[in-house]
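Peer 1: structure for this input, please:
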Amino acid sequence: QVQLVESGGGLVQSGGSLRLSCAASGRTASVVNMAWFRQAPGKEREPVAAIAAWSADSTYYAHSVKGRFTISRDNAKNTAYLQMNSLKPEDTAVYYCAAGFSMGDSPPVPKYWGQGTQVTVSS
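Peer 2: Just a heads-up that it's a prediction; the model follows:
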C-alpha cells in the first residue's frame, strides 16, 4: 500500500507559478512511478505529467502543459513535485497525485490516489 498526500495548491493570477508536492508513504513508496492528474469542473480526470521510479529522465507530459510544467521527484524524501509556470485559467482544476502504474500504460491506471488539491488561476 502507498499513501499519498498533496500540498501546494492555491489561487494564483494568470501567468503566475505554483509548485505542488506529493509525499508518499508506505512500504513500496520509493519504487513506484508517480504522476499528477487533474480534473476541472464538468470534465473527466486527465493525466498531466508522470515520472518513473528509477529514472528522472523518464517522464510524460500532456501536450497542454508541455514546456510550462515540470515533474520531478526526490526519492530520498519519497516526494514528487509539479512545478507549474505560466499558468492559465484553463489550468484551474483539482490536482491529484497518483502512483502505482506502468509508464507504458496509455492511459495510465494508477492504483493509488491522493485526496487532491485545488489550483485556481484567475484571469
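
Peer 1: tell me which helix or strand the residue positioned nearest the centre of the chain sits in.
Peer 2: For the chain, the residue lying nearest the average C-alpha position, counting by CA atoms, centre = their mean, turns out to be W36 (2.1 Å). Under the assignment given by DSSP states H and E, the secondary-structure element containing W36 is strand 34-39.

Peer 1: contacts for whichever helix or strand comes after that strand, please.
Peer 2: The element immediately downstream of strand 34-39 (helix or strand, assigned by DSSP H and E) is strand 46-51. Identification of contacts with strand 46-51 by CB atoms under 8 Å, 6 or more residues apart in numbering yields 33-39, 58-62, 65, 69-73, 80, 82, 95, 101, 103, 107-108. All C-beta spots, glycine's among them, are computed from the backbone N, C-alpha and C.

Peer 1: kindly report the same for stretch 34-42.
Peer 2: Identification of contacts with stretch 34-42 by CB under 8 Å, 6+ apart yields 20, 22, 24, 45-51, 53, 60, 71, 73, 80, 82, 90-99, 101, 108, 110, 116, 119.

Peer 1: cross these against strands and list the overlap.
Peer 2: When DSSP state E defines the strands, the subset of the contacts of stretch 34-42 inside them is 20, 22, 24, 46-51, 60, 71, 73, 80, 82, 93-99, 119.

Peer 1: mark which of the residues you listed are buried, thanks.
Peer 2: For the ones in strands among the contacts of stretch 34-42, burial is judged from neighbour counts taken by 16 or more other CB atoms under 10 Å, and it is met by 20, 22, 24, 47-51, 60, 71, 73, 80, 82, 93-99, 119.

Peer 1: P110: what's it in contact with?
Peer 2: Under the criterion of CB under 8 Å, 6+ apart, the neighbours of P110 are A35, F37, A98, A99, G100, F101.

Peer 1: swap in R73?
Peer 2: Each residue near R73 by CB under 8 Å, 6+ apart is listed here: M34, I51, A56, T79, A80, Y81.

Peer 1: the last one against A56, yeah?
Peer 2: The one in question is Y81. No - in this structure, Y81 is not within contact of A56 by CB atoms under 8 Å, at 11.2 Å.
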